[in-house]
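Visitor: quick check, what structure comes out for this input:
(2 chains)
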Number of protein chains: 2
Amino acid sequence: MMTADPPVPETRVLAVASHVVSGHVGNKIAVFAMQALGCDVAALNTVQFSNHTGYRQWRGTRTSAEEIWDLYEGLKQSYLDNFDMMLSGYVPGAAAVEVVGRIAEELQARVVSRPGSFFWVLDPVMGDNGKLYVAQDVVPAYKKLLHHADLILPNQFEAELLSGVKIVNMATLEEAVQVLHEHFKVPHVVITSVSFSQPGHPVSSLSVIGSSMTSTGRARTFKVVVPAIDCYFSGTGDMFGALMVVRMREAVARDAAAAELLQRRAWLSDDHVRAVDLPLARAAERVLASMHEVLTKTCQGMEAEMKRAGELLDRRGVTGEEERAKAMHLLKSRSAELRLPRNVHSLRSPEIEFHAVKI
Amino acid sequence: MMTADPPVPETRVLAVASHVVSGHVGNKIAVFAMQALGCDVAALNTVQFSNHTGYRQWRGTRTSAEEIWDLYEGLKQSYLDNFDMMLSGYVPGAAAVEVVGRIAEELQARVVSRPGSFFWVLDPVMGDNGKLYVAQDVVPAYKKLLHHADLILPNQFEAELLSGVKIVNMATLEEAVQVLHEHFKVPHVVITSVSFSQPGHPVSSLSVIGSSMTSTGRARTFKVVVPAIDCYFSGTGDMFGALMVVRMREAVARDAAAAELLQRRAWLSDDHVRAVDLPLARAAERVLASMHEVLTKTCQGMEAEMKRAGELLDRRGVTGEEERAKAMHLLKSRSAELRLPRNVHSLRSPEIEFHAVKI
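Guide: Modelled structure (predicted):
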C-alpha cells in the first residue's frame, strides 16, 4: 500500500529535455516521475527520437532553438507560463541552450517581486567520464547562464568543465563546488556521481556530493554514499533531476524555517544551518532511496530478460557473428531501460534510507 | 491508501497521438494514465503544440507522415516493436492516418501465428457534435483501416461518419454498431457519448454504449449511464481511450475464460456470453468510474481557479472588453485541464461504481 497524498503542494513545472518514443530517458522519464509525485508538468521536448542514443542507432528529429522559443511564446500568450519550477536537461546545441536560458531568465524576471516563487533546476548535460557528447560551444553557453540557475546537477566531468577545476580527490571536488558558488553564483550544487577512490569507502559504492552556499558564498558540503549497482543504465541523471525537483520543494516546505525559506531567493537556509541539516541534503537522501530501489529492480528484470535474448535471436534467424553482437547490444540496451511505471511505489514511498554525512 | 500493484501484467503499449507542452489532452494524458496503471508506454507524438486547440491559439509543429513512419522504423531496427497493444488517437491528415494503419497492420502481421497477442484500440478522432475538425479525406482513410482495429471508440458523430447511419435514437444507434461489426469487421465498439434524449433517463446523464460482436458478427449491446458534469472539458476522449486499453486487458485477464480468450483474435467472448457480462462491459464500468471522479475533482478545482481569474487580469492590466473576454476564455480553458497527476488514486482505485445494463 502507498499513501494517496502527493508529497508536494500543487506545483507547476516546466520540463525541457529530450523525448524518446520507447524507453525511459530525458523528459520521457522526468515527466512521469514528477507527475507520479503530483506535479503538473509542462513538457517541452527538445528532440523526438525513437530511442536513446546509447543503442547506437536511432531515428527522429530535433526541435530547433526557434521552435523551442516559439513553444514558450505559445505558453506565454495563453497564460500558461505560471511555473513554480523549471527542470532543464538535454538541449541540442548552443543556440538551444541559450534559448532555454532566456526562458528561465524571463520566468525569473516575472516574479522578481516575489522571491522564492520560481526555482530552476539545471542539469547541464554535456558529457560523462571525460567525454564530451555535445558540441564544444555548448560549454561556454552553459557557463553564461549558470548564474540564473538555483540548483545545478553536473556529474563529475561536467563539474570540471564548468568550474575549470580538475577533480581528483575530495579537496579538488570541494574547490570545484566553491568556484560554482562563488564565481558562478549558483546557490545549490549537487555533483551526481563521483568516481575517484575515497579512503574508507567500499569500491562498490557511489557518492553524491551536495552543497548549499552561505550568505557569503561559502560551500556547505555533505555527501551521501549509496551502494553501487553492477549494471549500466541510461536515464539515471534525468530521473535524479526530476526527483530532486519534487523532493527539494518537499524538503523546503517541511523545513522548520519553511515559512521564511519559501519567500527567499533560491530557498537558501540561514548560515547557521549545518551541511547535513540542509533541505538539499534531505532531498538528496529521498531521491537516492527511490533511485536505489528502481535501479535494483531494473537490474533484476534485466537479468531475466537477457536470458531470453538468445532464443529471440534464434527465432528471428539472426545468426552472423557481427549481426548477433549488434543485436545483443540492442537487446541489452532495451533490457536496461529503467523500470519506472511498475515501481511507482519506490518513487512515492521508498523504504530504504541513506543518510547525508559531513565531509 | 491505494494498492501498489498495477492492475495489469507487464503490458507494452504503442501510443500514437498528439503532444501538448502544457495541459492534458492526447498523448499528454494517455501516456501518464497508462503509465500510472503500470504499462510500459512508447509515446509517438503526432504533433508538439504548446497547448490544445480549444484555447483557439497555439504554437508548435506537426509530425509528418514520413516522420511517423521513420520513428516506427527506428523502433523496429532496435527490437523495440514488441508491443502487446496499440492506442491511436489524433493523427494530423489522411497520409498520417494511413501510416498509422500500416504500423498496426505490420504489428498484427508479426504475431499472426499467436492470435490475441496484439490488440489495437483505435480512437478515430474526426469531430464532435456534427462538426468535422479534420480534413474531409481523413474519413475515408479511417474507413479503409477499420478492419484492422480490435476496438474502436468513436463518439456519436464519428460513429455516424464511419457507419453512414444517422443516429437519432436507440434503434439507429444499434444499427450503426451493427454496421461497424458486420461491414467493417470491428470486433469491439464503444460509442463514447450519446446525446439524443432517451426515455427514462435524467437529462443530466451521459450514456456510453458498447458491444462485442458474436462469431456471426451480431452486436451484443450494453450501456452504462453516468451522471453528466456541468463543465466543458478537453481530453476526456483521450483519457477514456487510455484507460480502456488498461481495463480491457485487465477484464480479459480476469475473465473466467481468460486462458482461452487471451489466445483468441481480438479476445472475443463465446456467443453465449451476455452483453452485460462481456469483459468490454467490465472495462467500461471501471473506466467511467475513474473518469467520473477525475472530472468531478477537475470541475471543483475549476470553480476555485476561475474565482481568481478576475484578479489576475486586473494585476496584469488587461482591461479592454474584447481583450478581457479573450483572456477569460484562455483562463477558463486552463482551469478546465483535467487534473490527473494529483488524482492517481482515482485512476487506480476508483471508489464509485456504475453498472452496465442491457439495452
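
Visitor: isn't A:Val13 right next to A:Phe83, touching?
Guide: Yes. Under the criterion of CB atoms under 8 Å, A:Val13 makes contact with A:Phe83 at 6.5 Å. For glycine as for every other residue, the C-beta is placed from the backbone atoms N, C-alpha and C.

Visitor: identify the contacts common to those two.
Guide: Common contact partners of A:Val13 and A:Phe83 (CB atoms under 8 Å, 6 or more residues apart in numbering or on different chains): A:Ala42.

Visitor: what bridges to the residue lying closest to A:Pro92 once chain neighbours are set aside?
Guide: What sits nearest to A:Pro92 in space, not counting adjacent residues and going by CB to CB, 6 or more residues apart in numbering or on different chains, is A:Arg62, at 4.8 Å. Judged by DSSP bridges, the bridge partners of A:Arg62 are A:Val47.

Visitor: residues contacting A:Arg62?
Guide: Per CB under 8 Å, 6+ apart, neighbours of A:Arg62: A:Thr46, A:Val47, A:Pro92, A:Gly93.

Visitor: looks to me like A:Ser333 is in a strand.
Guide: No. According to DSSP: H, G, I helix; E, B strand; the rest coil, A:Ser333 belongs to no strand; its state is helix.

Visitor: which residues does the closest residue to it other than its chain neighbours contact?
Guide: Spatial nearest neighbour of A:Ser333, excluding adjacent residues (CB to CB, 6+ apart): A:Tyr55 at 4.7 Å. By CB under 8 Å, 6+ apart, A:Tyr55 lies in contact with A:His329, A:Leu330, A:Ser333, A:Arg334, B:Ser78.

Visitor: of those, which is the most crowded?
Guide: When those are compared by neighbour count (other CB atoms under 10 Å in any protein chain shown), B:Ser78 ends up highest, at 24 neighbours.

Visitor: doesn't A:Thr53 make contact with that residue?
Guide: No. Using CB under 8 Å, B:Ser78 is not in contact with A:Thr53; the gap is 11.2 Å.

Visitor: which residues does A:Ala17 form a beta bridge with?
Guide: A:Asn45.

Visitor: list the residues that contact it.
Guide: Counted by CB under 8 Å, 6+ apart, A:Ala17 has contacts A:Gly26, A:Asn27, A:Ala30, A:Asn45, A:Thr46, A:Leu87, A:Ser88, A:Gly89, A:Tyr90, A:Val91, A:Asp238.

Visitor: quick one: it from A:Val186, how far?
Guide: 19 Å (CB to CB, to the nearest Å).

Visitor: over to A:Ala266?
Guide: 9 Å.

Visitor: now do the shared contacts for these two.
Guide: Common contact partners of A:Ala266 and A:Val186 (CB under 8 Å, 6+ apart): A:Asp150, A:Leu151.

Visitor: among these two, which residue is more densely surrounded?
Guide: The residue with more neighbours, out of A:Ala266 and A:Val186, is A:Val186; 25 against 19, by other CB under 10 Å.

Visitor: just the element for A:Val208, please.
Guide: Applying DSSP states H and E as the criterion places A:Val208 in strand A:205-212.

Visitor: packing partners of the helix or strand that that strand is followed by?
Guide: Tracing the chain C-terminally past strand A:205-212 and defining elements by DSSP H and E, one meets strand A:221-227 next. With contacts defined as 3 or more CB pairs under 8 Å, 6 or more residues apart in numbering or on different chains; DSSP states H and E, the packing partners of strand A:221-227 are strand A:205-212, helix A:279-307, strand A:357-358.

Visitor: which stretch among those comes nearest chain B?
Guide: helix A:279-307 (9.1 Å; CB to the nearest CB).

Visitor: so the closest one, near chain B or not?
Guide: No. Applying CB under 8 Å from any CB of the partner chain, one finds helix A:279-307 separated from chain B by no less than 9.1 Å.

Visitor: the inter-axis angle of that helix versus strand A:221-227?
Guide: If you take axes from the mean of the first three to the mean of the last three CA atoms, to 10 degrees, helix A:279-307 sits at 20 degrees to strand A:221-227.

Visitor: now helix A:279-307 and strand A:205-212, what's the angle there?
Guide: Using the same axes, to 10 degrees: helix A:279-307 against strand A:205-212 is 150 degrees.

Visitor: list the buried ones in the worst-scoring helix or strand of chain A on mean pLDDT?
Guide: Ranking every helix and strand in chain A by mean pLDDT, DSSP states H and E puts helix A:309-315 at the bottom, with a mean of 89. Neighbour-count burial for helix A:309-315 flags A:Ala309, A:Leu313 (criterion: 16 or more other CB atoms under 10 Å in any protein chain shown).

Visitor: now do stretch A:349-358
Guide: Neighbour counts over stretch A:349-358 (16+ other CB under 10 Å) mark A:Ser349, A:Pro350, A:Phe354, A:Ala356 as buried.

Visitor: now it, how far from the centre of its chain.
Guide: Relative to the chain's own centre, stretch A:349-358 is displaced by 18 Å; criterion: CA atoms, centre = their mean, to the nearest Å.

Visitor: wait, does that stretch contact chain B?
Guide: No. Stretch A:349-358 is not in contact with chain B by CB under 8 Å from any CB; minimum separation 8.5 Å.

Visitor: quick one: terminal-to-terminal distance for that stretch?
Guide: By CA to CA, to the nearest Å, the extent of stretch A:349-358 from end to end equals 25 Å.

Visitor: so stretch A:93-103, near chain B or not?
Guide: No. Stretch A:93-103 does not reach chain B (CB under 8 Å from any CB); its nearest approach is 11.6 Å.

Visitor: same question for that stretch, mean pLDDT?
Guide: Regarding stretch A:93-103, the rounded mean pLDDT is 97.

Visitor: which parts of the stretch 51-200 of chain A sit against chain B?
Guide: So the stretch 51-200 of chain A meets chain B at A:51, A:55, A:57-61, A:63, A:67, A:70-75, A:77-80 (CB under 8 Å from any CB).

Visitor: among the residues you listed, which are located in strands?
Guide: A:Gly60, A:Thr61 (DSSP state E).

Visitor: apart from its chain neighbours, what residue comes closest to the residue most central in space within chain A?
Guide: Nearest to the mean C-alpha position of chain A, counting by CA atoms, centre = their mean, stands A:Gly241 at 2.3 Å. Nearest non-adjacent residue to A:Gly241, counting by CB to CB, 6+ apart: A:Asp123, 4.5 Å away.

Visitor: quick one: secondary structure of A:Pro7?
Guide: Under three-state DSSP, the three-state class of A:Pro7 is coil.

Visitor: who's in contact with the residue of the stretch 101-250 of chain A found nearest chain B?
Guide: Across the stretch 101-250 of chain A, the shortest distance to chain B (CB to the nearest CB) belongs to A:Arg110, at 10.5 Å. Listed by CB under 8 Å, 6+ apart, the contact set of A:Arg110 reads A:Asp81, A:Phe118.

Visitor: do you know how far it is from A:Tyr79?
Guide: For A:Arg110 relative to A:Tyr79 (CB to CB), the value is 12 Å.

Visitor: and what of A:Pro187?
Guide: Taken as CB to CB, the spacing of A:Pro187 relative to A:Tyr79 amounts to 29 Å.

Visitor: okay then, goodbye and thanks.
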